[in-house]
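In: Dropping a prediction and its sequence here:
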Amino acid sequence: MSEVVKLQLIGLSVVGIGILILLFIRASFVRVIGFVAIVLGLFTLVALSVPQMASLPPVEEKFDIATVKTPTDMATIGQKIFFSKGQCALCHTIGPSESARCPDLKGIGAKLSREFLFESLTQPQAYIYLDYRHEGVAKEYPARMPYINKNPIGLSRNEILSVIAFLQQMSGEPISVTVTELDAPGQAPAAPAKAAQSGPVAVAQAH
Amino acid sequence: MQHQGGWIQKLLRSSSGHGGTLLGLVMAVGLLSLPALAFGADATPAAPVEYRDVPYVGSRNIIWVVAQLHLLLAGFVLGVPIFAWLCEVVAWKTGEKRYDKLAKEFTKLLTSAYATTALFGGILLFLLISFYPKLMNYLTDIFFPSFIVYCILFLVETATLYLYWYGWDAMQDGGKKTFHIFLGFLLNFFAFFIMVVPNSWATFQSSPVVLAEGSDMARAWAATWNPTWWPVNIHRLIANVVLGGYICGAYAGIRYLSATNTEERDHYDWMGYVGNFIGVFGLLALPFAGYWLMREIYQYNQQMGITLMGGFLSWLFILQAMLIGVLFLGSNYYFWLGITYRIPGSEIKYRKPMLAMLIALLLCLGVWMTPHSLVASMEEARKMGGSHHPLLGVFGVMSAKMTVANLMILVTFMSFIMYWRAGKQETAGWAKVAKAIMGAILASAAIAVIILGVWGYFVPAIIRINYFSTSQVLVVLGVMLTITPLTALLLRSAKTTTEMVWGKMPPRAGYSLVLNAVMVVLLMTLMGYARSSSRVHWHVYGVVRDTSPYAFSPALGYAAALMSLNTFFFCMLVAFIFWVATMGDKAKAPGGASKVELPQGMPAMAGASSALDEPKAH
């Protein structure tokens, strides 16, 4: 018997008890308790009838460089990251969809260079035009795209390169990211991934 | 759901027939083992402890129950003073002593209610320090200046409450009464900030602003003034008024059902009316505050907004729609019962409009509850051409939902105005023109809301959110802000054609008041779960990651079971507080309240108490 079925049985029992109270007990306060039990039981039953989705923490993709031999290996890891830790699929789709909230990424690896993709992921504010509709200094429109190399998503440079490899492969392009570009464990990451981490207000930095 | 750890789920999976008994036993054992766990943790000298757990029950479940009860009680003790003070001001201004009596009756609850709330607050704090030491350390490091402010606020609030309550009888006349009213204002003023300060801790977890450098004060202030702080403050303030009003209504409903004489029936019928009135008054404004909060969440972090509205929590908003819909229906139903039973002769006059409003509300609720994506089998999805129904899919989107939410507010506002005007005859020369203007305003507002809603399908989301939805909100607010004073002005010179008759409501009116209160409490528990789950696997979003075994949000069904449990506990706690607070009155009454004969020939009504069914004669 599944967890949902057991909870449904408990909900039904609570509703049943409430009905019995209303049918056989005359004391007003107890009757009100019976009524409340029916309401709460029904609420639980309705909640159990909708799709039951738990939100699990993203599975960490193990990035063992020793096992990554080819760019295709990188693209395979990148695909997993795209749909899990990277949370890309929360907003983007690959191909047209009714539920798309952000640009469709189909063919994006063919349209944009890998450098531009990297910059879009790590500095999404870079090409957003400024707001001049007021006196004084122009303001920045906040980018809807989050900084992928910062928390809460916080992809490492290796993971971002893998996602780019996946985007290129998915677009039918030759993968231009090479295995030699990956940072080895313990090695300081290359400059581009570090660039966006400075600034006095760091929402993503604990201590 | 392999992570759905916690012993409760495992118990549910493994047990078949004795789940409830075992659950109770294990919860008791778990709670009794808490001190042993704490001692055990002290004995390990190694790395600092990040989490402590309670076997079988799960630390997260305990925190969930205690935090929810604390929050609901806090809403109650902050809502009741607002409610009581408003009643006292009405009594002071109009000279109607029964409002003063009502205000005093509810203020009496506050001393015991404050103690219970503080008790749960203390338990929550100890549990948080025990179960989440690393997180609490982090939060203390940032917020310790506001901890001091919080303590000071508690001191002044307690002193003010003592003066307000114990000085009630001594400060009844002249300047003393004015001072007492001022004390009531101060009580609410301090209470507001008692709510605002911890709100900053909770909202910081969802939308943190962390300064990498700066003084302690600067860091604390930046963290406090985070993007969702004020939207939550305003939302909770209004919600507390709603909670206070509906809890008052539920109390009146229960007392009405068990009333044994006409005096009690009259009094509690009237109290139910006042409670429902204040509850609806707040309810009408609440969706706007909720909209503002969601807007700020989207602006702060679009992913969080999508997780809430379009991600795994999207079905939660269908449940929310259902609860709000029932609340609107329940509140309107109570208004309609009031028109039917309290104002003789109005029933026939208003029957058709009431039926029309009921149909409108049900249609709106149907649209609001239409999910964006339907749960369908592969075959059904193929027939529909996707997960969206070809016809109903149109109603599943935000544009439709915003439209019907605003229409439901308009309908409820119409009920409210209708009830206000029932039994009165306008005498002002300009009454006809005013009524025509009000009718035109209402009709044009409804049309404008629908046009904006339909237009919203054909413009980009950003235009709809920034301009159309806000315009809909402003239109409805505009209606309220013009028609309310106009009606008040109109009724100032009106003559009463039918006096309101109290104590004639059927028992189902009492149950509808209880239903409304339960809906509000359930809504608060549901949205608490939403707020907490929107942080997904973070204690502080993007800053402190949850690495405990409970770094997941359970599915809605399991969460709803806990919400129902919390709601039930809260109802029992409030009933206990009411019982304790009124115990003295019952003892003081010489032989109980005077028995007054009930009207002869009164029909026995379904669900009534035996006292109601069998009218007593002297």
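Out: Thanks, I have it.

In: and B:Ala494, how many neighbours does it have?
Out: B:Ala494: 16 surrounding residues under other Cβ atoms under 10 Å in any protein chain shown. (Glycine included, C-beta is placed from N, CA and C.)

In: should've said A:Pro57
Out: By other Cβ under 10 Å, the residues close to A:Pro57 number 17.

In: what residues are up against it?
Out: Residues near A:Pro57 by Cβ atoms under 8 Å, 6 or more residues apart in numbering or on different chains: B:3, B:536-537, B:546, B:551-552.

In: Run through the residues of the stretch 251-400 of chain B sitting next to chain A.
Out: Neighbours of chain A within the stretch 251-400 of chain B, by Cβ under 8 Å from any Cβ of the partner chain: B:253-254, B:257-258, B:299, B:301-303, B:306-307, B:310-313, B:315, B:318-319, B:322-323, B:372-373, B:375, B:386, B:388.

In: and the residue of chain A nearest chain B?
Out: A:Ala47 (3.2 Å; Cβ to the nearest Cβ).

In: any idea how far the strand or helix carrying that residue is from the chain center?
Out: Assigned by DSSP states H and E, A:Ala47 belongs to helix A:28-49. Here the centre of helix A:28-49 is set off from its chain's centre by 36 Å, with Cα atoms, centre = their mean, to the nearest Å.

In: I'd like to know which elements that helix is packed against.
Out: Applying 3 or more Cβ pairs under 8 Å, 6 or more residues apart in numbering or on different chains; DSSP states H and E, one finds that helix A:28-49 contacts helix A:3-24, helix B:229-257, helix B:314-342, helix B:507-533, helix B:556-588.

In: Show me what from the stretch 101-250 of chain B comes close to chain A.
Out: Taking Cβ under 8 Å from any Cβ as the measure of proximity, the stretch 101-250 of chain B contacts chain A at B:138, B:208-213, B:222.

In: Next, B:His539: secondary structure please.
Out: strand (DSSP: H, G, I helix; E, B strand; the rest coil).

In: swap that for B:Val209, please
Out: coil.

In: pLDDT value on residue 118, please?
Out: I went with chain A, as the question did not name one. Looking at A:Phe118, its pLDDT reads 93.

In: that answer is for a different chain, and I need it for chain B
Out: Per-residue confidence at B:Ala118 stands at 93 (pLDDT).

In: okay, now it: neighbour count?
Out: Neighbours around B:Ala118, by other Cβ under 10 Å: 16.

In: Now for the residue nearest the centre of chain A: which residues touch it?
Out: Central residue of chain A (Cα atoms, centre = their mean): A:Gln87, 2.9 Å from the mean position. When contacts are counted by Cβ under 8 Å, 6+ apart, A:Gln87 touches A:58, A:153, B:303.

In: Any of those residues buried? List them.
Out: Buried by 16 or more other Cβ atoms under 10 Å in any protein chain shown: A:153, B:303, out of those.

In: which one of the residues of the stretch 101-250 of chain B next to chain A has the most neighbours?
Out: Using other Cβ under 10 Å as the neighbour test, those are led by B:Pro208, with 24 neighbours.

In: Secondary structure and distance to B:Trp368 added to the contacts of A:Gln87, as a markdown table?
Out: Listed next are these as a markdown table, based on DSSP: H, G, I helix; E, B strand; the rest coil; distance: Cβ to Cβ, whole Å:
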| residue | secondary structure | distance to B:Trp368 |
| --- | --- | --- |
| A:Pro58 | coil | 32 |
| A:Ile153 | coil | 32 |
| B:Gln303 | helix | 25 |
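
In: Relative to B:Phe120, which of the contacts of A:Gln87 is nearest.
Out: Among those, B:Gln303 lies closest to B:Phe120 (Cβ to Cβ), at 33.0 Å.

In: Got the confidence number for the residue of chain A lying at maximal distance from its centre?
Out: Residue farthest from the centre of chain A, counting by Cα atoms, centre = their mean, is A:Arg26 at 53.3 Å. The model reports A:Arg26 with a pLDDT of 90.

In: can you give me the strands in chain B?
Out: For chain B, the strands defined by DSSP state E cover B:424-425, B:495-496, B:538-540, B:544-545.

In: Of the ones you listed, flag the one that's most buried.
Out: Among those, ranked by average contacts under mean count of other Cβ atoms under 10 Å in any protein chain shown, first place goes to strand B:538-540 (a mean of 21).

In: any idea of the mean pLDDT in that one?
Out: 93.

In: follow-up on the earlier one: the residue of chain A closest to chain B reaches B:Ala560, doesn't it?
Out: Yes. A:Ala47 is within contact range of B:Ala560, at 3.2 Å (criterion: Cβ atoms under 8 Å).

In: Show me whatever sits in contact with both of those two.
Out: Residues touching both A:Ala47 and B:Ala560 (Cβ under 8 Å, 6+ apart) are B:Leu319.

In: give me the number of residues near whatever residue of the stretch 501-618 of chain B ends up closest to chain A?
Out: As assessed by Cβ to the nearest Cβ, chain A sits closest to B:Ala560 within the stretch 501-618 of chain B, at 3.2 Å. Here the count is done by other Cβ under 10 Å, and B:Ala560 has 27 residues near it.

In: Run through the residues that contact it.
Out: Going by Cβ under 8 Å, 6+ apart, B:Ala560 touches A:43-44, A:46-48, B:319, B:526.

In: ok, the residues you listed vs B:Ile343, which is closest?
Out: Set against B:Ile343, the nearest of those by Cβ to Cβ is A:Phe43 (33.3 Å).

In: quick one on the thing from earlier: tell me the one among the contacts of B:Ala560 nearest to B:Pro506.
Out: Using Cβ to Cβ, A:Phe43 comes nearest to B:Pro506 of the contacts of B:Ala560, at 24.6 Å.

In: show me what contacts that closest one?
Out: B:319, B:323, B:522, B:560, B:563-564.

In: about what we covered before: following the chain onward from the helix holding A:Ala47, which element is next?
Out: helix A:71-83.

In: tell me what that following helix is packed against?
Out: helix A:157-170.

In: Kindly export the helix it packs on (C-alpha atoms) in CSV.
Out: Included here for helix A:157-170 are C-alpha records, laid out as CSV according to Å, rounded to 0.1, in the frame of the first residue of the first chain:
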residue,chain,number,x,y,z
ARG,A,157,33.6,26.3,-14.6
ASN,A,158,33.9,22.7,-15.7
GLU,A,159,30.2,22.3,-15.4
ILE,A,160,29.5,25.4,-17.4
LEU,A,161,31.8,24.2,-20.2
SER,A,162,30.0,20.9,-20.2
VAL,A,163,26.7,22.6,-20.6
ILE,A,164,28.1,24.6,-23.5
ALA,A,165,29.3,21.3,-25.0
PHE,A,166,25.8,19.9,-24.7
LEU,A,167,24.2,23.0,-26.3
GLN,A,168,26.6,22.7,-29.2
GLN,A,169,26.0,19.0,-29.6
MET,A,170,22.2,19.4,-29.3
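
In: near chain B at all, it?
Out: No. Figure legend: helix A:157-170 not in contact with chain B (Cβ under 8 Å from any Cβ); closest approach 16.0 Å.

In: Please produce CSV containing the contacts of A:Phe43, extended by pLDDT.
Out: Output for those, formatted as CSV (pLDDT from 0 to 100):
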residue, pLDDT
B:Leu319, 92
B:Leu323, 94
B:Leu522, 97
B:Ala560, 96
B:Met563, 97
B:Ser564, 97
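
In: tell me which of the residues you listed is nearest to A:Asp131?
Out: B:Leu319 (38.4 Å).
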